[in-house]
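1. turn this into a model:
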Amino acid sequence: MTEPRRRTTTLTRQDRPRPAPGPGTDPGRVFEAYERAGHADPGEAWAAFTAAWNWASPLPHAVPRHGPGGPPVARPVPGGYALFGRWRLPADTATGPWLALPLAAPRETAREAREAREDATESRPDRPDVFVVASRVLPRQTAGGLRAVRSTAGPDTEFRLDGVHVPAGFTTHSSGTALPARDDGFLWTAVTGMALGAASRLTDELAVLGPSPVAGPAVSPAAAAAELSGLLSGERLGFTAELYNRPGLGQLISLAAREPLADRVRRAARLVHHVVTASYERAIPFPSDGGHNPLASLVTDSAAILHHLRFTVDVRPTEDIGSRTGR
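-> As a prediction, this is how the structure comes out:
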């Protein structure tokens, strides 16, 4: 069976345009720019974003260890990467809920870091080199192949990963500009914009499907798309009402209905996943020429954004940071 054709192409980091705007920009402009990018090409929007902005920079970082098998490696697998190798977890980072696993140590020479990255990603420098995992799973034996190793360097914990899966949405590039904790609002706004844009693109694609080669569904794709699009429009209005600091716009949504930005992000994540799932299911009776769901490749290209949005507030938790989004 022929696999569905991917909608996007992989570009080298040099070929990717740097996403604009960045932290400190009016949050409404941030949202609009990334929403457009997510709608136009969700796969490339995420690739460009993570190449430009290292969102994992504030997280505790483990230190990669060189052993008999060489440095840590990350091998592409469906939906993300499989990690292999050894890292050292300093004692003062053991309590962090999330942990970043780079392929190269920050103090390695540029040549050593480049060689490690190229070896670890099969000579594809455009692939990510920082991978984020939940730190609570590291010290325990798991079905995924994690094994704790006694460290000879004192109280630190050294561990080995043997094929642990990291979704694409939990990856970034160490060469990207670091996003410190004060830029959480920018990160959340940009990712929410990309996700809502990708979901809107799915409803656009759903609306033009047909005719079905099998018995027609009770609700036409166009009608289903209109309903889902309406839900997205309502969420977009609520989200942007929290971002724009302009007279009159906030009146479009009652003060009682307004929420902290973190809650809005969680709300948007739930809706986006509902829209994506519903769009995919509505498209099932309308297979492409190869017999595949016509939205399959677009859902695949959106997966990294959707997964990151689902967890972004938990990965970098802070107090209510509505005032940190550039106002």
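2. tell me which stretches of the stretch 151-300 of the chain form strands.
-> Listed from the start of the chain, the stretch 151-300 of the chain has strands (DSSP state E, counting those that start in this stretch) covering 157-167, 171-172, 177-178.
3. okay, those strands, which one's buried deepest?
-> Highest mean neighbour count among the strands of the stretch 151-300 of the chain (mean count of other Cβ atoms under 10 Å): strand 171-172, with a mean of 24. Every C-beta, even on glycine, is put in place using the N, C-alpha and C of the backbone.
4. which elements pack onto that one?
-> Contacting strand 171-172 under the criterion 3 or more Cβ pairs under 8 Å, 6 or more residues apart in numbering; DSSP states H and E are the following elements: strand 130-134.
5. how does it look with 10 Å?
-> Here strand 171-172 touches helix 42-52, strand 98-102, strand 130-134, helix 296-315, going by 3 or more Cβ pairs under 10 Å, 6 or more residues apart in numbering; DSSP states H and E.
6. nearest to residue 197, out of the ones you listed?
-> Across the helices and strands packed on strand 171-172, the minimum distance to residue 197, taken as Cβ to Cβ, is reached by helix 42-52, at 7.2 Å.
7. please state the mean pLDDT value computed over the helix or strand just after the closest one.
-> Counting by DSSP states H and E, the element after helix 42-52 in chain order, helix or strand, is strand 53-54. What strand 53-54 shows for mean pLDDT is 96.
8. ok, stretch 316-327 next?
-> Here the mean pLDDT over stretch 316-327 is 46, rounded to a whole number.
9. please apply the same query to stretch 67-87.
-> 90.
10. distance between the ends of it?
-> The first residue of stretch 67-87 is 10 Å away from its last residue (Cα to Cα, to the nearest Å).
11. can you give me the buried ones in that stretch?
-> Judged by neighbour count using 16 or more other Cβ atoms under 10 Å, the buried positions of stretch 67-87 are 71, 72, 73, 74, 80, 81, 82, 83, 84, 85, 86, 87.
12. so which of the residues you listed are in helices?
-> With helices defined by DSSP state H, no entry of these lies inside them.
13. what is the nearest of these to residue 297?
-> Looking at the buried residues of stretch 67-87 and their distance to residue 297, the nearest is residue 80, at 16.9 Å (Cβ to Cβ).
14. beta-bridge partners for the closest one, please?
-> When bridges are assigned using DSSP bridges, the partners listed for residue 80 are residue 77, residue 167.
15. you'd agree it is up against residue 163?
-> No. In this structure residue 80 lies outside contact range of residue 163 using Cβ atoms under 10 Å: 11.7 Å.
16. now render the buried residues of stretch 67-87 as a markdown table, adding distance to residue 261.
-> As requested, the buried residues of stretch 67-87 are exported to a markdown table (distance: Cβ to Cβ, whole Å):
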| residue | distance to residue 261 |
| --- | --- |
| 71 | 39 |
| 72 | 35 |
| 73 | 37 |
| 74 | 32 |
| 80 | 27 |
| 81 | 30 |
| 82 | 34 |
| 83 | 32 |
| 84 | 37 |
| 85 | 37 |
| 86 | 38 |
| 87 | 33 |
